[in-house]
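A.B. asks: I would like to see how this sequence folds:
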Amino acid sequence: MDLGLQLGYWGAQPPTGTAELVAAAEDAGFDALFTAEAWGSDALTPLAWWGRETTRLRLGTSIVQMSGRTPASIAMHALTLDHLSGGRVVLGMGVSGPQVVEGWYGQPFAKPLARTREVVDVVRQVLAREAPVTNDGPHHPLPYAGEGSVGLGKPLRSIVHPLRADLPIFLGAEGPRNVALAAEIADGWLPLFYSPASADLYRPWLAEGFARPGARRTPDTFEIAATCHLQVTDDPGPVLEALKPSVALYMGGMGAKGQNFHQEVFVRMGHEQLAHDVQELYLAGRKDEAAALVPDELVDQLHVVGDAARVRDKVAEWEASGVTMLLLSLTTPDEVRLVAETLA
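C.D. replies: Model prediction:
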């Protein structure tokens, strides 16, 4: 199982010390560097900025929000960075949620699975460069001929010859149909709040996707890149406590009350009442109380925290559950080096 450094998305200000963190990951033998976006910093600019100082790390997005760019624009970003990095890009994409898609990007959220299929198909057409790119689907028609069209749209082929037609595409997916779709059309899956304890929940969904006609990968060639926090410590209590606000945010605050895909993950894991109670408190502005409801056992299940022996045992469990890469949220070069030494 490979290790990746998960930088995530920015908070109120850009993070400090990131260049040193990335350099430590490259020196320590990590496989990849991943970035994210929400409704502030984007995923691609930081990846290009800090990735330029690396020579070996794969450069991945987890995730590019599909509604923030047209499919052709996403493909342009990927093929450009792939050339600049010498063929190291992993394009992770996802649909995000209705609050962000309609409230931030001003795009319709309906039919996310169909939209995902169209986006992936257009991106692959651009990268293959076998013919001018067209799309007959209703979500991203190419050429566009709908309302406001002047009727002069022309199918085009990328001026730049992409470096790799098979640039890997990962999909962020949480529900049964989205996970199955990822297994069918993508090269990898970026789950959220995955853990060995929930692996059995996802296996049938993945198997359904792999069994579909024309599925791109098999279980043996499909990557599962799961994000977690890993910390080697003899005193796990304070670390677990510090992780609770993040769990509460996704469980109760990252989405609308009637449609929170992140919350549904916890419901499927068997925490329906907890998810409901956390959401009620979070949306009422009582964030500290919401975080306090999250039990240590759940946080411990979702992350890898403990002394060196326990960390090694838990990482082995993640690998046995099917994870091919752990994307780790680490904060200092010393943490990066300690993780590498512990797992060596």
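
A.B. asks: please enumerate the helices of the stretch 1-150 of the chain.
C.D. replies: In the stretch 1-150 of the chain, the segments counted as helices under DSSP state H, counting those that start in this stretch are 18-27, 44-51, 71-85, 98-103, 112-128.

A.B. asks: please produce a markdown table containing those, extended by mean neighbour count, mean pLDDT and distance to residue 329.
C.D. replies: All C-beta spots, glycine's among them, are computed from the backbone N, C-alpha and C. Below are the helices of the stretch 1-150 of the chain laid out as a markdown table (neighbours: other Cβ atoms under 10 Å; pLDDT from 0 to 100; distance: least, Cβ to Cβ, whole Å):
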| stretch | mean neighbour count | mean pLDDT | distance to residue 329 |
| --- | --- | --- | --- |
| helix 18-27 | 18 | 98 | 11 |
| helix 44-51 | 19 | 97 | 15 |
| helix 71-85 | 20 | 98 | 22 |
| helix 98-103 | 17 | 93 | 21 |
| helix 112-128 | 20 | 98 | 26 |
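
A.B. asks: for the nearest residue in space to residue 85 that is not next to it in sequence, what are its contacts?
C.D. replies: Of all residues beyond its chain neighbours, the one nearest residue 85 is residue 59 (5.5 Å), with distances taken as Cβ to Cβ, 6 or more residues apart in numbering. By Cβ atoms under 8 Å, 6 or more residues apart in numbering, the contact list for residue 59 reads 32, 33, 47, 51, 81, 85, 88, 89, 90.

A.B. asks: just the element for residue 178, please.
C.D. replies: Here residue 178, judged by DSSP states H and E, is contained in helix 176-185.

A.B. asks: quick one: list the elements packing against that helix.
C.D. replies: Contact analysis of helix 176-185 by 3 or more Cβ pairs under 8 Å, 6 or more residues apart in numbering; DSSP states H and E lists helix 112-128, strand 169-172, strand 188-190, helix 199-210 as its packing neighbours.

A.B. asks: that helix vs helix 199-210, what angle?
C.D. replies: Computed with axes from the mean of the first three to the mean of the last three Cα atoms, to 10 degrees, the direction of helix 176-185 lies at 50 degrees from that of helix 199-210.

A.B. asks: ok now helix 176-185, how far from the chain's centre?
C.D. replies: Relative to the mean C-alpha coordinate of its chain, helix 176-185 is positioned 14 Å out (Cα atoms, centre = their mean, to the nearest Å).

A.B. asks: middle-most residue in the chain, spatially?
C.D. replies: residue 62 (3.0 Å; Cα atoms, centre = their mean).

A.B. asks: that older thread, out of the contacts of residue 59, who's nearest residue 17?
C.D. replies: Each of the contacts of residue 59 was scored against residue 17 by Cβ to Cβ, and residue 33 proved nearest at 14.5 Å.

A.B. asks: what are the bridge partners for the closest one, then?
C.D. replies: Applying DSSP bridges to residue 33 yields these beta-bridge partners: residue 5, residue 59.

A.B. asks: surely it meets residue 3?
C.D. replies: No: counting by Cβ atoms under 8 Å, residue 33 stays clear of residue 3, with 10.7 Å between them.

A.B. asks: who has more neighbours out of those two?
C.D. replies: Here residue 33 and residue 3 are compared on neighbour count by other Cβ atoms under 10 Å; more neighbours surround residue 33, at 26 against 21.

A.B. asks: what sits against that one?
C.D. replies: Residues near residue 33 by Cβ under 8 Å, 6+ apart: 4-5, 7, 22, 25, 47, 50-51, 54, 57-60.

A.B. asks: go again with 7 Å.
C.D. replies: By Cβ atoms under 7 Å, 6 or more residues apart in numbering, the contact list for residue 33 reads 4, 5, 7, 22, 25, 51, 54, 57, 59.

A.B. asks: got a pLDDT number for the last one?
C.D. replies: This means residue 59. According to the predicted model, the pLDDT of residue 59 comes to 98.

A.B. asks: for the one 3 residues further on, same thing?
C.D. replies: Per-residue confidence at residue 62 stands at 96 (pLDDT).

A.B. asks: how about residue 97?
C.D. replies: As summarised for this prediction, residue 97 has a pLDDT of 89.

A.B. asks: roughly how far apart are it and residue 47?
C.D. replies: In this structure, residue 97 and residue 47 are 22 Å apart, going by Cβ to Cβ, to the nearest Å.

A.B. asks: give me the contacts around stretch 158-177.
C.D. replies: Applying Cβ under 7 Å, 6+ apart, the set of residues contacting stretch 158-177 from outside is 62-63, 78-79, 82-83, 87, 89-94, 113, 116, 120, 123, 126-129, 179, 181-182, 186-190, 192, 205, 223, 225, 261, 264-265.

A.B. asks: report the distance from it to the chain centre.
C.D. replies: Stretch 158-177 has its C-alpha centroid displaced from the chain centroid by 13 Å (Cα atoms, centre = their mean).

A.B. asks: just the buried residues of it, please?
C.D. replies: By neighbour count on 16 or more other Cβ atoms under 10 Å, the buried set for stretch 158-177 is 158, 162, 163, 167, 168, 169, 170, 171, 172, 173, 174, 176.

A.B. asks: returning to what we had before: looking at the helices of the stretch 1-150 of the chain, which is nearest to residue 216?
C.D. replies: Set against residue 216 and scored by Cβ to Cβ, these come closest in helix 112-128, at 9.5 Å.
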